[in-house]
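Q: The following comprises the amino acid sequence and a computationally predicted model.
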Amino acid sequence: MAQSGGLTVAPGIVLPMDSVKRVVLMNSLRGWLASAKGPDSLNEYVAAEDRPVTAVLMRQLRGLKADCYLGAVTSLDSIHWQIQLNYMSLQSDTPVLQACCTVLARRDGDRFFISSPLRENTVGWKSRTIGCCTFHYKTGINKDKAAEFERTVVSYDNRLKIPSPVIDYYCCDNFMEVAKLVGIDYMSRYSGFGFADLSEDYGRRSVIVTGNEWKDGFSPVSMHDMWHGELHKAVSVKMINRPVDEGTAYLYGGSWIVYSWKDILNMMKEYASQHPGADWRVLYKDGVNLIPPPKIIKISYAINALIVQRLEKEKGFASALPILCCGPKEPGDANYFAAVEKTTGVGEAGFNAYIDGLLKEALY
């Protein structure tokens, strides 16, 4: 077998008969694979107009720790080709298939541009643009649900004072369809996945391909995760305190596409009624769960949702940034409690009474 530039070509693989075309194609594939480790914006083997939709696939391929093998090269016409790539690794000296993907190659001068087949796979779909979002679907979509998604994303960006993204939102029936559309024929990490979504940002352009379970004519995504994504565009992740980050995601996006903030707040109120005199400070530091695995809800995250809700109501969202950006979680949470005291005027000694008061006054 011949291996060069991160691509192994086994004997018997049928390549283009024309020697010039063959060299250009193979050089382009190897250049694309080598550049795939870096930012999508610097990959010269993906055309500028294809980078947003291809970024979804590229993110998945970057996570593979496996060698790439050329599986098949199929000519579609004089300038378009379909390429199959297989990612293999050795486990106890046994070859194991990690992933199999299909990409498109388009000849343009002295190179081939590589892209995800997402656009081509949805060429017969319908679309509807609402605000900053264009929704793509096969037959129908609940436009009220779609508009609600768009309004929520815009509300996040208004709160964070960043420009709203341009979003392409593809509604699929299940995760198998999602994977196939973006070019993933198989990926071991997704074995057994029935419903899930894939997404990626390219600058202020976002592509979401969702195959979560249909609800009321719409395939939803986690607004909890959407909030994280928008927040991390506005604030350096290195500065963010994760329990506060998660708390804001509870407040603005619920959790697990299952629980709304109202649900989580009711859980907290029920816990408080069942545990009179609860020591919220200790529960916070110990990371106690309101709900056990697999779909965990944490008391510390819910407490932060309450604090941010009060701060935003009284002074605006920006007033919560000192807590949100107090640095990574530390043992004992000294940096967190110092930020809470500086922002709210409440020290550790008064923390329990403060949270009790927030729980009594909190709204949905």
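A: Arrived safely. Residues are numbered from 1 along each chain as shown.

Q: which residues does Ala99 contact?
A: By CB atoms under 8 Å, 6 or more residues apart in numbering, the residues touching Ala99 are Gln60, Leu61, Leu64, Ala66, Asn86, Tyr87, Ile184, Tyr186, Met187, Ser188. For every residue, glycine as well, the C-beta is placed using N, CA and C.

Q: One more pass at 7 Å, please.
A: Applying CB atoms under 7 Å, 6 or more residues apart in numbering to Ala99 gives the contacts Leu64, Tyr87, Ile184, Tyr186, Met187, Ser188.

Q: Which of those residues fall within helices?
A: With DSSP state H as the criterion, helices contain none of the contacts of Ala99.

Q: Please indicate which of those residues are buried?
A: Leu64, Tyr87, Ile184, Met187 (16 or more other CB atoms under 10 Å).

Q: I'd like to know which of those residues are part of strands.
A: Judged by DSSP state E, strands contain the following of the buried ones among the contacts of Ala99: Tyr87, Ile184, Met187.

Q: which of those residues lies closest to Val123?
A: Ile184 (18.7 Å; CB to CB).

Q: now the strands for this protein?
A: Remark: strands assigned in the chain by DSSP E are 2-4, 7-9, 67-75, 80-91, 94-108, 111-115, 126-130, 133-137, 166-171, 184-187, 197-202, 205-210, 289-291, 297-298.

Q: so which of those strands comes closest to Asp144?
A: strand 126-130 (10.1 Å).

Q: chain center to the closest one, what's the gap?
A: 22 Å (CA atoms, centre = their mean, to the nearest Å).

Q: Over to stretch 202-209?
A: 10 Å.

Q: Rounded mean pLDDT for that stretch, please.
A: Stretch 202-209 shows a mean pLDDT of 95.

Q: same deal with stretch 233-248?
A: Mean predicted confidence for stretch 233-248 is 97.

Q: what does it contact?
A: In contact with stretch 233-248 (CB under 7 Å, 6+ apart) are residues 160, 162, 227-228, 231, 300-305, 308, 323-329, 336.

Q: what's the answer for stretch 127-139, then?
A: Outside stretch 127-139, the residues that reach it (CB under 7 Å, 6+ apart) are 122, 125-126, 141, 143, 146-147, 149-150, 154, 164-171.
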